[in-house]
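Enquirer: Sequence and predicted structure are below.
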Amino acid sequence: MKKTFKTLAIALMVSTLGFSQEEGDKDKKFQFDLSGEFMFTQDFQNVGIELEIISNNEDSDKPIKTATAFLGYSMMDYSTPVGSATGNGYTFWLGSKTYFNKENAKGFYIGNNFNFGAVWFDENGVDGRFSYLSLFSPELGYKFKFGNLIVEPIIGTAWNIEIKGQGFIDNKYVDNWQHRGALRIGYSF
């Protein structure tokens, strides 16, 4: 638990660091949003950092599309009829978002990610690894912008393709559909 709070504090500090951007700076080709993310599903809890790359929308008749990357620390509770364990690992994803607002990257958006994650278990004599990847991970979110501060609540789901477990992990007790909720807090520069 102490590691989780330490990771959470580091993620918050990094997400609030940024660079100043002059108001009306339209000559930039890209804008970057760096956010700390806190995500919860029925089996996983993730804490990490997302980078969103927003290109300058020169054609205002088209929706704004962005690219995203996420790297995070992952915890998982794995329960079977004979025992349970808590594991720690990482998750990584690449994805994109499409905003309904055609003027700037805020408001409602839809997104999809390509995910990969691995969690290792080594608790009370329980040893193993759970790994997955997901090609279908849609999300619906709303990005609030207060100057350069970003607050972003999200809901979504992911269909995880499980990679054969190792040791204690046999993948029978994990749901392939992971419904999720998340909150991102960050800075735009």
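Expert: Perfect, I can see it now. Numbering: from 1, shown residues only.
Enquirer: for this protein, what spans make up the helices?
Expert: Assigned by DSSP state H, the chain shows helices spanning 2-16.
Enquirer: Quick check: which ranges of it have low pLDDT?
Expert: Residues of the chain that meet the criterion pLDDT under 70 lie in 1-28, 57-59.
Enquirer: do that again at 90, thanks
Expert: For the chain, the stretches with pLDDT under 90 are 1-30, 41-44, 55-63, 77-86, 101-105, 121-128, 130, 160, 162-176, 189.
Enquirer: So Trp177 versus Leu133, what's the distance?
Expert: In this view, Trp177 and Leu133 are 15 Å apart by Cβ to Cβ, to the nearest Å. C-betas here are computed from N, CA, C, even on glycine.
Enquirer: Pick out whichever of the two has more residues nearby.
Expert: More neighbours surround Leu133 than the other of Trp177 and Leu133, with 17 against 11 (other Cβ atoms under 10 Å).
Enquirer: who touches the closest residue to the more buried one other than its chain neighbours in this structure?
Expert: Once flanking residues are discounted, Leu133 sits nearest to Phe116: 4.7 Å by Cβ to Cβ, 6 or more residues apart in numbering. By Cβ atoms under 8 Å, 6 or more residues apart in numbering, the residues touching Phe116 are Thr91, Phe92, Trp93, Ser131, Tyr132, Leu133, Ser134.
Enquirer: And the strands in this structure?
Expert: 30-41, 44-55, 64-80, 83-99, 107-123, 126-136, 139-146, 149-167, 177-188 (DSSP state E).
Enquirer: could you say what helices and strands the shortest one packs with?
Expert: This points to strand 139-146. The elements that strand 139-146 packs onto, with contact taken as 3 or more Cβ pairs under 8 Å, 6 or more residues apart in numbering; DSSP states H and E, are strand 107-123, strand 149-167, strand 177-188.
Enquirer: Among those strands, which comes closest to Glu37?
Expert: Across the helices and strands packed on strand 139-146, Glu37 has its closest neighbour in strand 177-188 (4.7 Å, Cβ to Cβ).
Enquirer: Show me what the closest one pairs with in its sheet, parallel or antiparallel.
Expert: Strand 177-188 sits in its sheet next to strand 30-41 (antiparallel), strand 149-167 (antiparallel), going by DSSP bridges.
Enquirer: residue farthest from the centroid of the chain?
Expert: Distance from the centre of the chain peaks at Val82, with 31.7 Å (Cα atoms, centre = their mean).
Enquirer: what's the spacing between it and Tyr173?
Expert: Val82 is 10 Å from Tyr173, where distance means Cβ to Cβ.
Enquirer: what about Tyr132, neighbour count?
Expert: Look at Tyr132: counted by other Cβ under 10 Å, it has 22 neighbours.
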